[in-house]
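Asker: got a predicted structure here, sequence first:
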Amino acid sequence: MRAGIEFMKSRWLFVIVMGFYCCVIPQNSVAGVGGWKNYTDMKRIRSIAADGETIWAATSGGVFRFDPADSTYQKFVNSDGLSTNDVTAITIDASHRLWIGHQTGNIDLYDPQTKQWRYISDISNSLNIHKTINRFYQHGDLLYIATAFGVTVFSISKFEFVDTFTSFGLTVSLPNVTAVRVYHNRVFLTTSAGIISSNAGAVNLADPASWTVALPAVTTANNLSEFNDTLYASSANGMLKYLNNTWSVTGGLISGVTIIATLDTSLLFIEGTSVRSLNTANIVSTVASSLPTTATSGAVTTGGRIFAGFPFDGIGAMDEHSQWQTYYPNGPYSNTFFQIIVDEKGELWSASGGHAAGSGFYRFDGSKWTNYTPSNTPLLLNYDCYAIALGPNNSKWISTWGEGVIVVNSDGVPVRRFDYSDPGLVGVVRTPGGPPSYTVPSRVAMDRSGNVWLAGVYSADRNKVLWKMRPDSTWESYPGSPFSADYAFMFGVVIDQNNTKWFTNALISRTESQTIVYYNEERSIGGVPGDWGTLTESDGVTNQRIQDIVVDREGNIWMGTGVGITIINEPLNPAQRITKVFDLSVRDLFINCIAVDPLNNKWIGTSRGVFVLSPDGTQSLHQYTVENTGGQLADNNILSIAIDGKKGVVYFGTDKGLSSLEIAAVTSKNSFTTIDLSPNPVYLPNHSSVEIRGLVDETTIKVLGLNGSVIRQFPSQGGGRAFWDCRDGEGRLVASGIYIIVAHNRAGDQVATAKVAVIQQ
């Protein structure tokens, strides 16, 4: 079976092709395609290997090389050549090439000298359900690959697979193989079914009769090594020695151990938080103690320095004072980017998740990551930061699961926590008889007056469900919706141009209710008296599970639901005009998130990648997946999207890291005296809108008739552009004629006009 081999030139071909696509597609109709970058946490170590005095580490966020001489790192993620970021195994051959195994079954071969990548995809493309590469073992020209379904054997010189063993005469097929070793011409395996060995003299190892369970699964073995011409296995039940066809505990070691390396005079292993050795006289001694935690792997450099890999703390080694020091590249605290935003300085912020699944929150300034956890942020009482939003003066508001909301100022310093104590947010009771102090604030939103709004996801007091903080930092509370007695559905607040508050009612991982509600304390919405309104599927929404809500550049409300996208075209009368996105690419998909770029294109995050739709949602402009980006998108399951229109960067948050894509930057002008209109004339219904270009920030557009009457007035959509859909203030298409477009800035000291002809065909 010939291995599927690709060279790095295939990725350059992809870039060239996509670059051509970018050139031939107009920039105002599709986002440009540029460079990809990926950002991951590399603290979670799966395996390490030594190459001379340097250490290579396989992590849940890619691969890194650490040079102890100068404490420098070299990082590799999928945008640098890796097949995926979820790396599970690594080894180095005699030619100093890296063999890298992935959770997906992919195998990458990297030569640091030539910087060339080769890829083996046979296992990842196989029909096996579980494909994880657990460990490599080289024996001469053969590379034995321990996988989640058995063992495959690869010829290094021929660069092809030569054998596969999956059946070992077991009642349970396809055992998870964690280690392989050839000893005295027999193959030994540590598996989920115990220690298995090929029979002496067996030739056809594909025959189940060629194998014997040498030690049943009651002993959980994890690695094999040959030392002093004897085979050893480390296990959760101690160090095992193979002698006279029998396995037995040796050295008095009966607790969990893991073999990490074999030296000339000793076998090194980890027991608890100590590195220990077993010598040729079967004597056990301690080499190093006080590891930060139990290690997952280890390696020894040429100079004899011992390194350990930790499950959450990177790699570690003892310094000259016999103290363990840990090392890992700067990066986010975890690979989960549950919600992300870009602030006014262009810095990216992320919440990691909630309900016992969070890792704090993180900030990226373009070159360095800063992580906020309870250990370094006293105001943060737990790790479960599930929502994040911008507030007044470039503040960031991070909603936690159970411990209120944290406010971070423009300089990145946490300054306040609002919870049950202040200002009195109501949650649920933590312990019987106690106060309702377990507060889960929703994702906040800021209205045009600078008020900050949030909802209590769980509130024991029906009269204190919705909260508003005024610019003077005083708070006011409001009763909840009358349409449901369950207040566990308001996970996020979104405020439209009419100051109406809309609420998401679900998270990707959970939902307590499927009630769609909106609230406006200032005016009647939809002709319904009272502050609250509701929508149902009978009104035309695609589905009542609302994952995300955005207000686009034209004031339309886009709702990402459990079954496609719903658009509220008339926010003042929501039930009057509800449309759906009928584009087949997203019509029936579970929508995770939506973002709006400066051109009013919609970026849709799903479990099948990213879809880019035209401003009205009628046309699919592009799709980004792991497959069609050549593996440069971190994962197809997109949890969050944020857009930096000034720098021209789109960020995609996943639970396998953060990806970024360069797009054409769209920024507003500093001043204007003229504006451009396109198309002109407008032929209806062939054209859907007029694009108004050359604007400054916060421009107001007025459409006038020749007699000076105001036909329509609306704010620009941003990015130096505005769009008029050739409709009047009542939503009706205008008649044929000449119309005057007037644009002025917020202060009114910059004004520009232009004429456009509208022709009804």
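Answerer: Received, thanks.
Asker: how does the chain divide up, domain by domain?
Answerer: 392-642, 676-760 (automatic domain parsing).
Asker: tell me which of the ones you listed sits nearest to residue 299.
Answerer: Minimum separation from residue 299 across these (C-beta to C-beta) falls at domain 392-642, 27.2 Å. C-beta here means a position set from N, CA and C on the backbone, and glycine is covered the same way.
Asker: where exactly do the strands run in the stretch 1-150 of the chain?
Answerer: 36-39, 45-51, 54-59, 62-67, 72-76, 87-92, 98-102, 107-111, 116-120, 133-139, 142-147 (DSSP state E, counting those that start in this stretch).
Asker: what about the helices in this protein?
Answerer: 8-24 (DSSP state H).
Asker: what about the stretch 651-761 of the chain, any weak spots by pLDDT?
Answerer: Applying pLDDT under 70 to the stretch 651-761 of the chain picks out residues 665-669, 717-719.
Asker: spatially central residue for this protein, please.
Answerer: Centroid-nearest residue in the chain, with C-alpha atoms, centre = their mean: residue 654, separated by 1.7 Å.
Asker: how close does the nearest residue to residue 239 once chain neighbours are set aside sit to residue 269?
Answerer: Leaving out its chain neighbours, the residue that sits closest to residue 239 by C-beta to C-beta, 6 or more residues apart in numbering is residue 253, at 4.0 Å. Residue 253 sits at a distance of 8 Å from residue 269 (criterion: C-beta to C-beta, to the nearest Å).
Asker: overlap in contacts of the two?
Answerer: Common neighbours of residue 253 and residue 269, using C-beta atoms under 8 Å, 6 or more residues apart in numbering, are 239, 278.
Asker: who's more crowded, the two?
Answerer: residue 269 (26 against 20; other C-beta atoms under 10 Å).
Asker: my read is that that one contacts residue 234, right?
Answerer: Yes: under the criterion of C-beta atoms under 8 Å, residue 269 makes contact with residue 234 at 5.7 Å.
Asker: helices or strands next to the longest strand seen in the chain in the packing?
Answerer: Longest strand in the chain by number of residues (criterion: DSSP state E): strand 751-760. For strand 751-760, the packing partners by 3 or more C-beta pairs under 8 Å, 6 or more residues apart in numbering; DSSP states H and E come out as strand 676-678, strand 682-684, strand 737-744.
Asker: describe which strands the last one pairs with in its sheet and in which direction.
Answerer: What it means is strand 737-744. Strand pairing for strand 737-744, using DSSP bridges, gives strand 700-704 (antiparallel), strand 751-760 (antiparallel).
Asker: all strands for the stretch 301-450 of the chain, in order.
Answerer: For the stretch 301-450 of the chain, the strands defined by DSSP E, counting those that start in this stretch cover 306-309, 315-318, 324-327, 339-342, 348-351, 361-364, 369-372, 385-390, 396-400, 405-408, 414-418, 445-446.
Asker: where does the stretch 401-550 of the chain have low pLDDT?
Answerer: The stretch 401-550 of the chain contains residues with pLDDT under 70 at 485-488, 529.
Asker: what is the burial count for residue 262?
Answerer: Other residues close to residue 262 by other C-beta under 10 Å number 16.
Asker: report pLDDT for it.
Answerer: In this model, residue 262 is scored at 93, pLDDT.
Asker: kindly report the same for residue 81.
Answerer: At residue 81, pLDDT is 92.
Asker: pretty sure it contacts residue 111?
Answerer: No: in this structure residue 81 lies outside contact range of residue 111 using C-beta under 8 Å: 11.0 Å.
Asker: who's more crowded, these two?
Answerer: Per other C-beta under 10 Å, whichever of residue 81 and residue 111 has more neighbours is residue 81, with 20 against 14.
Asker: tell me the contacts of the residue nearest to residue 239?
Answerer: 238, 239, 271, 278, 284.
Asker: surely the third one meets residue 256?
Answerer: Yes: counting by C-beta under 8 Å, residue 256 is a contact partner of residue 271 at 7.2 Å.
Asker: off-centre distance for stretch 401-421?
Answerer: In terms of C-alpha atoms, centre = their mean, to the nearest Å, the centre of stretch 401-421 is set 23 Å apart from its chain centre.
Asker: just the C-alphas of that stretch, formatted as PDB.
Answerer: Extracted C-alpha coordinates of stretch 401-421, given in PDB (Å, rounded to 0.1, in the frame of the first residue of the first chain):
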ATOM      1  CA  TRP A 401     -20.500  31.100  35.100                       C
ATOM      2  CA  GLY A 402     -21.500  31.600  38.700                       C
ATOM      3  CA  GLU A 403     -19.200  34.500  39.800                       C
ATOM      4  CA  GLY A 404     -20.600  37.600  38.100                       C
ATOM      5  CA  VAL A 405     -19.000  39.800  35.400                       C
ATOM      6  CA  ILE A 406     -15.400  41.100  35.400                       C
ATOM      7  CA  VAL A 407     -14.600  44.600  33.900                       C
ATOM      8  CA  VAL A 408     -11.200  45.100  32.300                       C
ATOM      9  CA  ASN A 409     -10.200  48.700  31.500                       C
ATOM     10  CA  SER A 410      -8.700  49.900  28.200                       C
ATOM     11  CA  ASP A 411      -5.200  49.200  29.500                       C
ATOM     12  CA  GLY A 412      -6.000  45.500  30.000                       C
ATOM     13  CA  VAL A 413      -6.300  45.700  33.800                       C
ATOM     14  CA  PRO A 414      -9.200  44.000  35.600                       C
ATOM     15  CA  VAL A 415     -10.800  46.800  37.700                       C
ATOM     16  CA  ARG A 416     -14.300  45.700  38.900                       C
ATOM     17  CA  ARG A 417     -16.500  42.600  39.500                       C
ATOM     18  CA  PHE A 418     -20.200  43.000  39.500                       C
ATOM     19  CA  ASP A 419     -22.100  40.100  41.200                       C
ATOM     20  CA  TYR A 420     -24.600  39.400  44.000                       C
ATOM     21  CA  SER A 421     -22.700  41.700  46.400                       C
END
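Asker: buried residues, it. List them.
Answerer: Applying a neighbour-count criterion of 16 or more other C-beta atoms under 10 Å, one finds 401-408, 412, 414, 417-420 buried in stretch 401-421.
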